[in-house]
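> sequence? don't have it. structure:
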Ligand code: GLU
């Protein structure tokens, strides 16, 4: 059994991460498995080395020791657990997909996709930030246009329209239809960044992750990751286990922007390691 803890260094470690780490290390230890640490810094705009340094530091302080890619391996420089150090692997894999005719170039912006969704369904809703209120499937606008793979284009993979069924270890039987939820998956965005769905799925496959243990917010992504994993050559999907996201109160989800839940801030406010772990346990019981 090999599972992973996979934070994105786009902010500081917070209690939501600590709860996930409790689940990840708890399962691994209970089942004689191992934990791989992966730094998911594929988003070159939002990831920052100082957040990575702080994440590593907080993990050490909390006593979460990865079996694969210990924190010292990241500090030493290039590391296979860091996604920004794996660019050649992602580029090679994308090249293979392209040779197999499974990739196409896409010039649609998020706004184009939302507008197409609005035409089809009578209204796409934007949040004040400009983000979409709900996931709109990509309608396939560029699928058969054979656009060149250069300039300001994204790369999409042609997803089969199959239903995907799996049994989540904690949430039970699930059936998802990625073609209806998200449509053809973006693997590289128009700014040249590899996407989370692509690199997480590929790394889970190449690193031999047998068990993915993460929060409920990623349950809807599981079917597409199973389908994509198959296209990337994975013969047996990982087992998935999704746990409840922790809440500050019954109505309020924890988020990285909540200063009061940052491990850094708690440390600074005089909390001990045991205080933080006890608080994570309390949140797990509440969830
Ligand atoms: N990097 C993701 C996050 O910080 C986790 C992805 C995953 O567990 O699949 O939320």
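Yes, it's here. Since the model is a prediction, treat every value here as computed from it, not as a measurement.

> show me the contact partners of stretch 77-95.
36-42, 44, 47, 52, 66, 68-69, 73-74, 103, 155, 187-188, 194, 198-199, 202-203, 206, 232 (Cβ atoms under 8 Å, 6 or more residues apart in numbering). Just so you know, the C-beta spots here come from the backbone N, C-alpha and C atoms, and that holds for glycine as well.

> which stretches in the stretch 151-287 of the chain count as helices?
178-181, 196-206, 222-231, 263-268, 273-286 (DSSP state H, counting those that start in this stretch).

> which ones are touching the residue in the stretch 151-287 of the chain that the ligand sits nearest to?
Residue of the stretch 151-287 of the chain nearest the ligand, by Cβ to the nearest ligand atom: residue 214 (3.8 Å). Residues counted as contacts of residue 214 (Cβ under 8 Å, 6+ apart) are 6, 20, 241, 242, 243.

> can you get me a residue count around the second one?
Burial measure for residue 20: 20 neighbouring residues, criterion other Cβ atoms under 10 Å.

> assumed residue 50 was part of a strand.
No. Residue 50 is assigned helix when assessed by DSSP: H, G, I helix; E, B strand; the rest coil, not a strand.

> what does the protein put close to the ligand?
Within the chain, the positions near the ligand by Cβ under 6 Å from any ligand atom are 6, 7, 8, 40, 200, 214, 218.

> mind checking which of the residues you listed are buried?
The neighbour count (16 or more other Cβ atoms under 10 Å) marks 6, 7, 8, 40, 200, 214 as buried among the residues of the chain next to the ligand.

> in strands, which of those residues fall?
Within those, residues falling in strands by DSSP state E are residue 214.

> possible to save the buried ones among the residues of the chain next to the ligand as CSV with pLDDT and distance to residue 264?
As requested, those are arranged in CSV below (pLDDT from 0 to 100; distance: Cβ to Cβ, whole Å):
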residue, pLDDT, distance to residue 264
6, 98, 20
7, 97, 14
8, 97, 16
40, 98, 19
200, 98, 25
214, 98, 22
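
> residue 227 is in contact with residue 160, correct?
Yes. Residue 160 is in contact with residue 227 according to Cβ atoms under 8 Å; the separation is 6.5 Å.

> more crowded one of those two?
residue 227 (23 against 10).

> which residues touch that one?
Contact analysis of residue 227 by Cβ under 8 Å, 6+ apart lists 159, 160, 162, 164, 178.

> just these: which are in strands?
Using DSSP E, these in strands are residue 164.

> buried ones only from the contacts of residue 227, please, as a ChimeraX command.
Selection of buried members from the contacts of residue 227 for ChimeraX, criterion 16+ other Cβ under 10 Å:
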select :159,164,178
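
> got the contacts of residue 227 as JSON lines, with pLDDT and distance to residue 84 columns?
Shown next, in JSON lines, are the contacts of residue 227 (pLDDT from 0 to 100; distance: Cβ to Cβ, whole Å):
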{"residue": "159", "pLDDT": "96", "distance to residue 84": "26"}
{"residue": "160", "pLDDT": "94", "distance to residue 84": "30"}
{"residue": "162", "pLDDT": "94", "distance to residue 84": "32"}
{"residue": "164", "pLDDT": "98", "distance to residue 84": "30"}
{"residue": "178", "pLDDT": "97", "distance to residue 84": "27"}
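
> dump the contacts of residue 227 to JSON lines, plus distance to residue 58.
Shown next, in JSON lines, are these (distance: Cβ to Cβ, whole Å):
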{"residue": "159", "distance to residue 58": "37"}
{"residue": "160", "distance to residue 58": "41"}
{"residue": "162", "distance to residue 58": "41"}
{"residue": "164", "distance to residue 58": "35"}
{"residue": "178", "distance to residue 58": "34"}
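
> off-centre distance for stretch 96-109?
Its chain's C-alpha centre lies 21 Å from the corresponding centre of stretch 96-109 when counted by Cα atoms, centre = their mean, to the nearest Å.

> what sits opposite the residue of the stretch 151-287 of the chain closest to the ligand in the beta ladder?
Following DSSP bridges, residue 214 is listed with bridge partners residue 242.

> my guess is residue 146 contacts residue 104. True?
Yes. Taking Cβ under 8 Å as the definition, residue 146 is a contact partner of residue 104 at 7.3 Å.

> higher neighbour count, those two?
Set side by side, residue 146 and residue 104 show more neighbours around residue 104, with 21 against 8, by other Cβ under 10 Å.
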